[in-house]
Every structure is written in C-alpha cells, then in structure tokens.
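# task: produce atomic coordinates for the following.
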Amino acid sequence: MVTGHSFGDGVFTLKAGEGLFFYLKTGNSRMAQGVGRISTEGPLWKPAVDVRNTVGVGVIDDIVPVTVKSPYADMMLANLNQGLVPTITSQDDVAAGYISVKVGVSLVLFQNAYAEYGCCLSHLLPVNYQ
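The predicted structure is shown next:
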C-alpha cells in the first residue's frame with residue numbers, strides 16, 4: 001500500500017442548480033483502474049475513530065482518477081467539517097504493476113476554505129443559466 005503526502009489535489013465543486021462534486025486530481029495517478037472505495041477515518045492524531053461510510057467509487061487511469069457525485073460528495077464534505085478524513089482506496093492490480101493506494105483528504109487549512117465555501121454558497125443562484 002502506498003501512503004504519503006502530496007498525492008494531488010482534492011477539489012469540491014458546486015455549480016448553480018447542480019449537486020456537489022468531488023474530484024481527485026493527480027500528476028500521476030498510480031491508482032489501478034476499476035472499483036475503489038471511499039471511507040471515513042479519524043485523523044492521524046485520533047486513530048481510535050472507526051472506519052465508516054464505505055461506498056464503492058469508480059477509478060480510471062487518468063490525471064483525474066476519481067470523481068464523486070452527490071450524495072457521497074456531500075457526505076465527504078460533512079465528514080471533513082466534523083474533523084474526519086475522507087479516504088479513497090484503490091484496489092490492487094499487481095499484474096498491471098499497481099499496488100493498493102490510499103489517499104486521505106487533508107484537514108489542513110480546511111476550516112478557512114470551508115468558511116469561504118459557505119460565503120460563496122450563500123450567493124449562488126438556485127439555477128444554472130449555462
């Protein structure tokens with residue numbers, strides 16, 4: 001299993017009149033294509049929190065290997081706001097040269113970004129005119 005820092009960027013995006021999306025953007029995905037899973041874990045300083053909310057998610061071999069739609073993106077955002085770590089784990093595919101990759105969405109600077117998100121959300125139109 002590969003763990004570490006600087007895997008890429010986790011991005012939450014919401015357009016007027018649409019549901020929340022989360023996507024993982026990486027320089028080099030290293031994630032095996034197929035089905036991964038999203039779970040919620042405690043932060044490193046709180047390891048006693050049980051893993052929960054496990055759901056399947058599609059993983060593709062791309063610089064954006066994972067895209068999560070509502071309601072699961074909403075769940076991930078709510079978990080971050082509670083101080084928990086949404087975690088995406090890919091499957092092993094040793095035959096293709098992949099090992100399991102586990103990526104946690106960092107809580108660092110989250111509260112400031114969440115406050116800005118709340119401000120933007122209050123000014124978002126209820127429909128999309130695109």
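# pLDDT weak spots in this protein?
Scanning the chain for pLDDT under 70 picks out 1-6, 29.
# let's see that with 80 instead.
Along the chain, the parts satisfying pLDDT under 80 run over 1-7, 27-30, 45-53, 92-99, 125-130.
# what's the helix ranked longest in the chain in contact with?
Assignment by DSSP state H gives helix 110-122 as the longest helix of the chain. Helix 110-122 is contacted by residues 12, 14, 77, 80-81 when judged by C-beta atoms under 8 Å, 6 or more residues apart in numbering. Using the backbone N, CA and C atoms, a C-beta is placed for each residue, glycine as well.
# what are the buried residues along that helix?
Buried residues in helix 110-122, counting neighbours by 16 or more other C-beta atoms under 10 Å, are found at Tyr117.
# ok now that helix, how far from the chain's centre?
In terms of C-alpha atoms, centre = their mean, to the nearest Å, the gap separating the centre of helix 110-122 from the centre of its chain is 17 Å.
# lovely, talk soon.
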